[in-house]
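Novice: sharing a model that was predicted from the sequence below.
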Amino acid sequence: MTTATPTFTADLAGTYTFEVAVSDGIDMTTDQVTVTATTSTTNTDSTDGIECDYSYSEFNESSSVNTTSTSDWTCSDTTRDLVANGIPDHEVGEFPNTANPNTISEQTVSASITLTPNKTDVATTLGGGAGPQGYVLNGVKIDAGTGGSCTDYGDSCSGGDNSGGWNIEALGHTSYDFGADENNAHVQPDGTYHYHGMPEGFITLQGGNSSTMTLIAWASDGFPIYARYGYTDATDSSSALKSITGSYQHISDVSNTRPALDVYEMGTFQQDWEYVEGSGDLDECNGRVGVTPEFPNSIYHYFATDSYPYFQRCVKGEIEGAGAGGPPEGGQPPQ
């Protein structure tokens, strides 16, 4: 008798059922077989050679800054490395301000990001203690969430205590003021200026507009981040550019423990939003696979969007050694 060990390869994870026919040379028997296939890491991309020598050092005359902004990116054989002082290179709003009592100060920014990101099917949440979502080319970090929260029913709310079950968003509502400026950024208690949304001043300095895709940052998993505009057809660089939208919508089933809607409008809390596949252009991490000016053969990439979540809250690439995301936020509740 000859024994055979058949193999089965699947392109997608899932459960497959099929018939197997076996013959002993005389009789033929058939049986149904069920196989469960799993997948892990998928695409590996190289970003080597793209913005590997980005360097900036200029005095920022903004009244809230009045010091030099420095940012240097270099590439080794395997990593993209950043050394910066965290000072923005563009005009900023007034800090301290009524809702944000913190003063911008120089930081020691050092980051090492892979040049060969691996896209997986697993979304890893970043922000807060899990580390920033990425860094804009000017060396300023992306930290899209906040340290603010409310307890059930809104009995207690704080801009610097994230122990409550309702996490307050920095943007997209008027219920709670974190003192963000025109760049959708503000300052943490240790003086760290950071972005919660579209870094308008930096985009302007880069010449970003509706006629081009503008690379503005690198995510912590190594994939690029673009600002606002992308191709209508993600696979066709000759297609028209459009404003890319996230795929999050307000939840329809509002918990009765949520703080009152007449005080905290929908969109105030992270829990007010849910990912609805196909409702926008992007996946749950504000990313998609497609062509870009820097990657004409296609790559997974993220977008900063004018719609929630503004910057990605999770990444699809593998992350090693995520660092601390900085101290809690501060802000003012509704009066």
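Specialist: That came through fine.
Novice: show me what contacts Thr103?
Specialist: Ser64, Phe95, Pro96, Val187, Gly191 (Cβ atoms under 8 Å, 6 or more residues apart in numbering). Every residue, glycine included, has its C-beta placed from N, CA and C.
Novice: what about Ser237, how many neighbours?
Specialist: 16 (other Cβ atoms under 10 Å).
Novice: any idea which of the contacts of Thr103 has the most stuff around it?
Specialist: Val187 (27 neighbours).
Novice: so that residue touches Asn100, yeah?
Specialist: Yes - using Cβ atoms under 8 Å, Val187 is in contact with Asn100, at 5.9 Å.
Novice: quick check: neighbours shared by these two?
Specialist: Gly179.
Novice: nearest residue to Ser57 other than its sequence neighbours?
Specialist: Thr70 (4.6 Å; Cβ to Cβ, 6 or more residues apart in numbering).
Novice: quick check: phi and psi at the one you found.
Specialist: phi -130, psi 140 (degrees, to the nearest 10).
Novice: now do the same end-to-end measure for stretch 89-96.
Specialist: 18 Å (Cα to Cα, to the nearest Å).
Novice: averaged over its residues, what pLDDT does that stretch have?
Specialist: Across stretch 89-96, the average pLDDT comes to 98.
Novice: then stretch 259-271?
Specialist: 97.
Novice: cool, stretch 215-232 as well?
Specialist: pLDDT averaged over stretch 215-232 gives 98.
Novice: quote the end-to-end distance of it.
Specialist: First-to-last distance for stretch 215-232 - Cα to Cα - comes to 17 Å.
Novice: where does this protein dip in pLDDT?
Specialist: Residues of the chain meeting the criterion pLDDT under 70: 1-43, 129, 320-335.
Novice: neighbours around the residue nearest to Ser57, how many?
Specialist: With other Cβ under 10 Å as criterion, Thr70 counts 19.
Novice: show me the contacts for it.
Specialist: For Thr70, counting by Cβ under 8 Å, 6+ apart, the contacting residues are Tyr56, Ser57, Ala84, Asn85, Ile87, Gly139.
Novice: closest one to Tyr176 out of those, please.
Specialist: Lowest distance from Tyr176 to those (Cβ to Cβ) belongs to Ile87, with 26.9 Å.
Novice: who touches that closest one in this structure?
Specialist: By Cβ under 8 Å, 6+ apart, the neighbours of Ile87 are Asn60, Val65, Thr67, Thr68, Ser69, Thr70, Ile104, Glu106, Gln107, Gly139, Val140, Tyr193.
Novice: what about the fifth one, how many neighbours?
Specialist: Neighbouring residues of Ser69 were enumerated by other Cβ under 10 Å; the total is 22.
Novice: how about it, secondary structure?
Specialist: strand (DSSP: H, G, I helix; E, B strand; the rest coil).
Novice: give me the distance from stretch 292-301 to the chain's centre.
Specialist: Taking Cα atoms, centre = their mean, to the nearest Å, one finds stretch 292-301 lying 17 Å from the centre of the chain it belongs to.
Novice: now the end-to-end length of it.
Specialist: End to end - Cα to Cα - stretch 292-301 spans 9 Å.
Novice: go on, stretch 93-103?
Specialist: Stretch 93-103: ends 11 Å apart by Cα to Cα.
Novice: how far away from the center of its chain is that stretch?
Specialist: Counting by Cα atoms, centre = their mean, stretch 93-103 comes out at 25 Å from the chain centroid.
Novice: mind listing what's buried along that stretch?
Specialist: Gly93, Phe95, Asn97, Ala99, Asn100, Asn102 (16 or more other Cβ atoms under 10 Å).
Novice: Ile203 belongs to a helix?
Specialist: Yes - assessed with three-state DSSP, Ile203 lies in a helix.
Novice: mind starting the numbering at 36 from now?
Specialist: All right, first residue 36 from here; so that's Ile238.
Novice: number of residues surrounding it?
Specialist: Residues near Ile238, counting by other Cβ under 10 Å: 19.
Novice: ok, Asp288 next?
Specialist: Neighbour number of Asp288 under other Cβ under 10 Å is 5.
Novice: same check on the one 10 residues further on?
Specialist: Under the neighbour criterion other Cβ under 10 Å, Val298 is assigned a count of 14.
Novice: over to it. Which of the three states is it?
Specialist: Strictly by three-state DSSP, Val298 counts as coil.
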